[in-house]
Every structure is written in structure tokens, then in C-alpha cells.
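Visitor: I would like the atomic coordinates for the input below:
(one chain, ligands or ions: 2)
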Amino acid sequence: MTPIHVALALACKQTPVFAATRTRSLTDCYGAILREDVIAAVNVPSVDNSAMDGYALRLDDIAAMPDTGPLSIPVGGVSLAGHPFEGNIPVGRAIRIATGAAIPAGGDAVIIQENVTVNADESEIRIERDAVNRLRRGDNIRRAGEDVKAGTVVLAAGKRLRPQDVAVAAGQGKDSLVVTQPLRVAVFSTGDELAVPGGALPPGGIYDSNRFAMIGMMRAIGCEVTDLGLLRDDFDVLQTALGDAAQNHDVILTSGGVSVGKADLLKPVVDSIGEIHAWKLAIKPGKPLMRGKIGNCLVLGLPGNPVSVMVSGLLFAVPLLLHMMGARGEDCTAVRFNVPAGFALKRGTGRREWLRARLHRNGNGELVALPFRSSSSGVLSSMVWAEGLIELAEDRASVGQGDLVEYIPFAGLQAF
Ligand SMILES: Nc1nc2c(c(=O)[nH]1)N[C@H]1C(S)=C(S)[C@@H](COP(=O)(O)OP(=O)(O)OC[C@H]3O[C@@H](n4cnc5c(N)ncnc54)[C@H](O)[C@@H]3O)O[C@H]1N2
Ligand code: MOO
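Guide: Numbers count the residues shown, from 1 in each chain. Ligands and ions are numbered 1, 2, ... in the order given. Sure, this is the predicted structure:
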């Protein structure tokens, strides 16, 4: 059995980054993998501007005014966002200024309007002495380039584009970006005991749920999914289906049929028309995971148990596919943090294990991680109950109450 980090590193090494890219308009880029560096063309903000509604002042003029009592300063003009005050601030004057408006030449501080009193015809402001004393150079001024400096890389190739990333590209005047073309992923389930949802359930049967977990995970990472349905445990059926799918897909993702039973045909089928690279991982759940290739098409055979299909999908298939799409390291790995355990357990070592978990505030107001009542890989409702996973390293033999455990919130995984 191979540790998952070894298997994943090897799989990434043996799986080239998908070459096909395309230029998409910004609103079609959410969730896609950026394949170009975006270099800032302009400073943001483009000029020094005001962070607040108020009055732009020349502090040297103020220094030359009486140093006791309130100050009365005539208003010499207006600077609005999109309608700057032209020229220098006249000596001894203040300029009324709006948030986002350019600081007029000579202005070196903005006093917010709440801190001044304006006379009836708005021709003069009065500033109390304590407010005068608090004035500092640069107050409420956002400097040109303070957010983004022209010439710097604002988005690096390999980034999985979130709303803020797309927004920053827009802030640079871009209306499109070069992103990875969606991977074409064929998905199917295998198993004679399975019935298609919507149809009748034969005695002893079970509805095919795995396909819907797989399709959801693939869609969530931006793949173009072909749903190939449910296939019987039959060598010829599987060979034909896999062979056909490999012709026009980049990835085939299947569930079931990868263990060691007689009906577990995925491995011999892939062997007969392609190659097998690896098929047993030191993980729980999800141990019998098959990775292979038919022509140029990557084949991932996930184990049939419903929790196994999700856990191995989230922690192996998804990171591998993101790597294929050109995602950079941190966008392929799960976010995790240490939390005290609200439970205790002993376990056999050798496999990395994920418990379905939730964070819970205990009697002392402390946040602790709690596992689901069952760790069986057949209990899909555990995934519905859970809000994340507790990860136990291969060599961890026990967890005591209050010991730190690694917690991966579902939101920290890429397929949510
Ligand atoms: N002798 C051994 N038996 C098993 C081993 C082993 O090492 N030696 N590994 C176990 C582990 S761990 C897993 S995981 C499963 C994986 O087996 P398969 O991938 O071949 O999956 P199946 O046998 O087809 O199904 C397992 C289980 O999951 C249910 N299932 C399958 N597909 C679906 C679906 N689409 N929707 C809902 N449920 C599904 C199926 O009915 C079985 O109950 O093998 C163990 N056995
Ligand atoms: O690997 Mo199996 O997935 O433990 O149930």
C-alpha cells in the first residue's frame, strides 16, 4: 500500500498539465485555472485620492495660522470622484472633497466632514483646536499605486480564480483571461446491485448514489462532465464503455469494482486496453483506488463504498485533476488546522484516516472536533452530518481527549 502523498506526487509527475487553454470573458472565468500572469498595467488607485468625504487641506498653511482657538478656513472649490478640482489648492483655502476624488495639487491631508462645522452657505469651515492638533500629513489619503503598483504581477498563472481575483483583473482593465479549457470527464458507476434513481429498487438492491457525488465534485472544479450512467459488472460491457469513453475524454472517473472480488473487473479491463499505474493506497476509507491510462485518457477507479468514493475523490482525484488543469500547489491542497479532540480513540496504524467530523463548542466554550458515531465507509449519511474531516496520520495510534487533531473543513477542500 502506498502513502497518499507519495501516490499523489507520483501521479502528478506522471500526468502532464493539460495544454489546452482558451481566452474567456471575465464573467466566464470564475473557478477556472488562470494560465497567464496578469501584470498590472495601471496603478490602483491611479492618482492620490481621498478615502473619506471631507475637506482637503494644505498643512503648511495651517501651520502658519493662529495656534490657539478654532480655525476658520474659506472653501476654495470642490473635487468630486470623476470631476477633479483643477490646479493647486489656493493658499489658505480648503477644498471640499468626496471619497474617491483626486487630491488637488498641494493637498496633504483630508479632514472628515464630521470633524468640521460648515457655515450656512458652505463658503467656510470651522475646525476646533483639538481637531487641528490631531491633523497629520497623509490623513485619509489613499496614495497612487497603494493597492496595486503598475508592473507588478497581480495574479500568477496557476491560480484558481475566485470572485476577488476576477475583480482585480477587471480593475486592471482586462475583459478576458487565458484559462485552462475544461477537462472532459466521463463518469460512471459499476455494480450489478445498483439501481438507477427514479426507477424501481429490486429486492436487495441499492440506488446508485456515487455517480451523483462524483459528478458534483467534478462540476465543482470546473470539469465538463459526461454522465455515462450505470454499467453492469461485465468484462465486455466495461471494456467497450471505457474504450469508447477514452476516445473523447481526458479523464474517466468510475466507482466500484476495484477491490479483489470476482466481480471487481475494473483493473483487468483497464489492463486489457491500457495500463495500470497504481491501485492500492494506504488510506482509510478509499484503499483500493486504481489509477491507469487508456491511450491519453487518465482513468481513476474510485472504490465503491459511498464514503470512500467521496474521500478518495476529494483528497486524490480532485487534487490530481487540478494539477492537470495547471493549478498551483496551494490551490490543490486542502486547508487544515489543529483543533483539540472532543473524543478519544485507539486505532491500527499504517493508513491515513479521515473521520467525518464537526466542530462543536464544549461546556468550557472551547471549540473541539467531534467524529460521527460510525466510521464505516458505507454510511453516506455521515458525510451529510459532517462539516469537515479529521485527518489522522499513518503513524497515529491513538487520540486522547484534548489532543490536537488536524481538521479539514469541507470549505477548505476544492470541490465544495
Ligand atoms: N477481501 C477484501 N474485500 C474488500 C477489500 C479488501 O481489501 N479485501 N476492500 C474493501 C474496501 S476498503 C472497499 S472500499 C471496497 C471497495 O470495493 P469496490 O470498489 O470493488 O466496490 P464494490 O464492491 O463494487 O462496492 C462496495 C460497496 O459500495 C456499494 N456501492 C458501490 N457502488 C455504489 C454506488 N454507485 N452507489 C451506492 N453504493 C455503491 C456497494 O453496494 C458495496 O456495498 O471493497 C471492500 N472489500
Ligand atoms: O477503503 Mo474502504 O474505502 O476503507 O471502505
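
Visitor: For the residue nearest to Ile125 when sequence neighbours are not counted, list the residues it contacts.
Guide: With CB to CB, 6 or more residues apart in numbering as the criterion, Ile125 has its nearest non-adjacent residue at 4.3 Å, and that residue is Val116. Every residue, glycine included, has its C-beta placed from N, CA and C. By CB atoms under 8 Å, 6 or more residues apart in numbering, the contact list for Val116 reads Gly54, Tyr55, Ile125, Arg126, Ile127, Ala131.

Visitor: which one of the residues you listed is nearest Thr68?
Guide: Comparing those against Thr68 with CB to CB places Ile127 closest, at 12.9 Å.

Visitor: how far away is Gly199 from Gly205?
Guide: Separation of Gly199 from Gly205 (CB to CB, to the nearest Å): 10 Å.

Visitor: what's the neighbour count on Lys346?
Guide: 8 (other CB atoms under 10 Å).

Visitor: My read is that it contacts Arg396, right?
Guide: No - under the criterion of CB atoms under 8 Å, Lys346 lies out of contact with Arg396, with a separation of 10.1 Å.

Visitor: Isn't Glu122 up against Val75?
Guide: Yes - in this structure, Glu122 is within contact of Val75 by CB under 8 Å, at 6.4 Å.

Visitor: list residues touching both of the two?
Guide: Residues touching both Glu122 and Val75 (CB under 8 Å, 6+ apart) are Arg96.

Visitor: What residues does the stretch 51-200 of the chain have near ligand 1?
Guide: Within reach of ligand 1 by CB under 6 Å from any ligand atom, the stretch 51-200 of the chain has these residues: Ser189, Gly191, Glu193, Leu194.

Visitor: what pairs with the helix or strand encompassing the first one, and is each one parallel or antiparallel?
Guide: Using DSSP states H and E, the secondary-structure element containing Ser189 is strand 184-190. Here strand 184-190 has these sheet partners by DSSP bridges: strand 224-231 (parallel), strand 251-255 (parallel).

Visitor: What does the pLDDT read for Ile95?
Guide: pLDDT, Ile95: 98.

Visitor: for this structure, what helix or strand is lowest in average pLDDT?
Guide: Across the helices and strands of the chain, the lowest-confidence element by mean pLDDT, DSSP states H and E is strand 275-278, at a mean of 89.

Visitor: got the buried residues for it?
Guide: For strand 275-278, burial by neighbour count (16 or more other CB atoms under 10 Å) applies to Ile276, His277.

Visitor: what's the next secondary structure element after it?
Guide: In N-to-C order, the element after strand 275-278 by DSSP H and E is strand 283-284.

Visitor: State the mean pLDDT of whichever helix or strand comes after that next one.
Guide: Once strand 283-284 ends, the next helix or strand along the chain (criterion: DSSP H and E) is strand 290-294. Mean pLDDT, strand 290-294: 96.

Visitor: and strand 290-294 with strand 251-255, angle?
Guide: 140 degrees (axes from the mean of the first three to the mean of the last three CA atoms, to 10 degrees).

Visitor: Remind me what strand 290-294 packs against, helices and strands.
Guide: Contact here means 3 or more CB pairs under 8 Å, 6 or more residues apart in numbering; DSSP states H and E; on that basis strand 290-294 packs against helix 235-247, helix 266-273, strand 275-278, strand 297-302.

Visitor: The residues of the stretch 51-200 of the chain next to ligand 1, buried ones only, as a ChimeraX selection?
Guide: In ChimeraX, this line selects whichever of these come out buried by 16+ other CB under 10 Å:
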select :189,191,194
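
Visitor: average pLDDT for the strand holding Ser189?
Guide: 97.

Visitor: Tell me the buried residues in that strand?
Guide: By 16+ other CB under 10 Å, the buried positions in strand 184-190 come out as Arg184, Val185, Ala186, Val187, Phe188, Ser189, Thr190.

Visitor: that older thread, mind listing the strands the least confident helix or strand of the chain pairs with, and their directions?
Guide: Paired strands of strand 275-278, with direction, are strand 290-294 (antiparallel) (DSSP bridges).

Visitor: Let me know whether the partner strand sits next to ligand 2.
Guide: No - Strand 290-294 stays clear of ligand 2 (CB under 6 Å from any ligand atom), getting no nearer than 12.1 Å.

Visitor: Only alpha carbons, please: show the least confident helix or strand of the chain as CSV.
Guide: Listed next in CSV are the C-alpha coordinates belonging to strand 275-278 (Å, rounded to 0.1, in the frame of the first residue of the first chain):
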residue,chain,number,x,y,z
GLU,A,275,-2.1,0.4,-18.4
ILE,A,276,-2.4,0.4,-14.6
HIS,A,277,-0.1,2.7,-12.6
ALA,A,278,-1.2,2.2,-9.1
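
Visitor: How far off centre is it?
Guide: 30 Å (CA atoms, centre = their mean, to the nearest Å).

Visitor: Residues touching it, excluding its own?
Guide: Thr2, Ala7, Leu10, Ala11, Gln14, Lys267, Val270, Leu289, Met290, Arg291, Gly292, Lys293.

Visitor: Which one (most neighbours) among the residues you listed?
Guide: Most neighbours among the contacts of strand 275-278, by other CB under 10 Å: Val270, with 27 neighbours.
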